[in-house]
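Asker: Make a model of this:
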Amino acid sequence: MGFQIANLPEADAVLDEHPFALVVGMMLDQQYGMEHAFRGGWKVLSRFGTLDPAAIAAADPEEFKALCSVPPAIHRFPGSMAARLQELAALVEERYDGDVTRLWMEPTSGKELLARVQELPGFGKQKAQIFVALLAKQLGVHPEGWELAAGDYARPGYRSVADVTDADSLAKVRDHKKAAKAAARAGE
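Answerer: Next up, the predicted model:
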């Protein structure tokens with residue numbers, strides 16, 4: 001199955017071909033439109049020439065920050081996200097020998113998978129649960145108990161990026177998020 005999260009065919013192709021791009025997109029998915037966040041890996045690949053975690057981790061921080069800041073930037077806060085991306089790449093290089101798929105292919109339980117994802121820079125519990133759901137729903141990663149690890153994001157519906165498969169489902173996820181924000185403002 002091809003990803004259709006970035007809403008840009010060339011960026012979605014990078015998500016399909018480079019597993020690290022998927023983690024980068026999830027990391028960037030905060031205070032930024034999800035389709036733009038998931039274009040981050042494509043932007044880095046286009047400008048830096050590789051998505052190899054070792055190369056990204058070893059890049060000069062100022063030069064890497066500059067390339068991440070070129071419009072369209074990888075995030076609305078490109079400097080801090082460039083630094084976080086290098087931190088993420090260093091962790092993947094050190095713990096998983098640069099093979100990010102080991103992050104989700106090795107765990108035998110949802111609890112272990114969730115714990116591994118929560119170790120990533122910028123991944124709190126909610127983002128980690130969403131990522132576990134995305135791995136299960138879109139990549140077929142189903143360690144025992146993944147549903148418990150993913151929490152509400154394992155349920156059917158249009159709650160998060162894990163449920164985005166096309167432009168229609170992206171719109172439904174946006175509607176769900178707007179409704180949730182409105183309910184929170186109303187004190188419900």
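Asker: which phi and psi does residue 109 have?
Answerer: phi -140, psi 160 (degrees, to the nearest 10).
Asker: Average pLDDT for stretch 181-188, rounded please.
Answerer: Stretch 181-188 shows an average pLDDT of 86 in the prediction.
Asker: cool, and stretch 49-63?
Answerer: 98.
Asker: End to end on it, go ahead and measure it.
Answerer: The straight-line separation of the ends of stretch 49-63 (Cα to Cα, to the nearest Å) is 14 Å.
Asker: Next up, the contacts around residue 93.
Answerer: The contact partners of residue 93, by Cβ atoms under 8 Å, 6 or more residues apart in numbering, come to 53-54, 57. To be clear about C-beta, it is placed using only N, CA and C from the backbone, and glycine gets the same treatment.
Asker: and those residues as TSV, adding distance to residue 150, neighbour count and secondary structure?
Answerer: Listed next are the contacts of residue 93 as TSV, based on distance: Cβ to Cβ, whole Å; neighbours: other Cβ atoms under 10 Å; DSSP: H, G, I helix; E, B strand; the rest coil:
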residue	distance to residue 150	neighbour count	secondary structure
53	25	25	helix
54	30	15	helix
57	28	19	helix
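Asker: What is the nearest of the residues you listed to residue 176?
Answerer: Closest approach between the contacts of residue 93 and residue 176, by Cβ to Cβ: residue 53, at 32.6 Å.
Asker: Surely that closest one and residue 95 touch.
Answerer: No: using Cβ atoms under 8 Å, residue 53 is not in contact with residue 95, being 10.2 Å away.
Asker: what's the nearest residue to the residue most central in space within the chain if we skip its chain neighbours?
Answerer: In the chain, the residue lying closest to the centroid (Cα atoms, centre = their mean) is residue 26, at 1.4 Å. Take residue 26 and drop its neighbours on the chain: the residue closest to it by Cβ to Cβ, 6 or more residues apart in numbering is residue 131, 5.0 Å away.
Asker: repeat for residue 77
Answerer: Residue 77 sits nearest to residue 31 (Cβ to Cβ, 6+ apart), 7.5 Å away.
Asker: quick one: the residue nearest to the centre of the chain from residue 9, how far?
Answerer: Distance of residue 26 to residue 9, computed by Cβ to Cβ, to the nearest Å: 20 Å.
Asker: contacting residues for residue 154?
Answerer: 132-133, 136, 146-148.
Asker: if you set the cut-off to 6 Å instead, what comes out?
Answerer: With contacts defined as Cβ atoms under 6 Å, 6 or more residues apart in numbering, residue 154 is in contact with 133, 147.
Asker: ditto for residue 55
Answerer: Per Cβ under 6 Å, 6+ apart, neighbours of residue 55: none.
Asker: mean confidence score for stretch 130-149?
Answerer: 96.
Asker: how long is it end to end?
Answerer: 9 Å.
Asker: buried sites along that stretch?
Answerer: 130-138, 141, 143, 146, 149 (16 or more other Cβ atoms under 10 Å).
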